[in-house]
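Chemist: only geometry, no sequence info:
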């Protein structure tokens with residue numbers, strides 16, 4: 001017909017194909033659901049299922065095929081977009097890796113308590129390059145102050161030499 005425009009939709013699904021490497025493939029599981037974020041479309045988020053993993057024996061590149069019925073509102077449907085695939089969540093305190101020290105076989109950080117240096121244990125949940133996500137001392141109360149574990153609002157000493165427990169800083 002002259003003057004008509006449109007497309008016939010034959011399925012409620014739409015697909016997303018992402019390229020990754022063999023080393024990163026261990027983070028994904030076929031049939032699992034993932035949160036996909038489109039950062040250049042105002043951070044629109046969409047739940048998608050990994051339906052297929054395409055590999056070739058002579059290549060390090062892997063293709064991941066996701067599908068969904070969800071049509072996110074406000075998304076720009078360009079053919080090529082940057083996406084972030086959320087494979088897990090961690091909640092805790094983010095600290096720089098250089099702040100973590102080992103004292104008597106225990107990992108922790110030096111913090112200021114008034115003007116005195118004290119050592120507090122850390123439980124590292126996740127490492128990302130030059131920083132760690134550390135567990136809160138009490139998961140039910142994020143403002144809980146612990147005398148022995150890193151807590152919210154502790155003043156962490158991130159660098160320096162000749163730092164020890166009991167040292168008074170002016």
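Modeler: Looks like it came in fine. Owing to the predicted nature of the structure, the values given are computational and were not obtained by experimental measurement.

Chemist: run a quick neighbour tally on the residue lying closest to residue 155 once chain neighbours are set aside.
Modeler: Counting by C-beta to C-beta, 6 or more residues apart in numbering, residue 155 lies nearest to residue 112, which is 4.3 Å off, once chain neighbours are set aside. Any C-beta I mention is one placed from the backbone N, CA and C, and that applies to glycine too. Using other C-beta atoms under 10 Å as the criterion, residue 112 is surrounded by 14 other residues.

Chemist: do residue 70 as well
Modeler: 14.

Chemist: now do the one 5 residues further on
Modeler: Around residue 75 sit 16 other residues, with neighbours defined as other C-beta under 10 Å.

Chemist: so who does it touch?
Modeler: 38, 41, 44, 46 (C-beta atoms under 8 Å, 6 or more residues apart in numbering).

Chemist: any idea how far it is from residue 12?
Modeler: When distances are taken as C-beta to C-beta, to the nearest Å, residue 75 and residue 12 turn out to be 16 Å apart.

Chemist: can you check residue 55 too?
Modeler: Counting by C-beta to C-beta, the gap from residue 55 to residue 12 is 28 Å.

Chemist: same question, residue 90
Modeler: As for residue 90, its distance to residue 12 is 34 Å (criterion: C-beta to C-beta).

Chemist: one step back: tell me the confidence at the residue nearest to residue 155?
Modeler: We note a pLDDT of 94 for residue 112 in this prediction.

Chemist: and the helix or strand it falls within, what's buried?
Modeler: Secondary structure here is read from DSSP states H and E; on that basis residue 112 sits in strand 106-113. Applying a neighbour-count criterion of 16 or more other C-beta atoms under 10 Å, one finds 108, 109, 110, 111 buried in strand 106-113.
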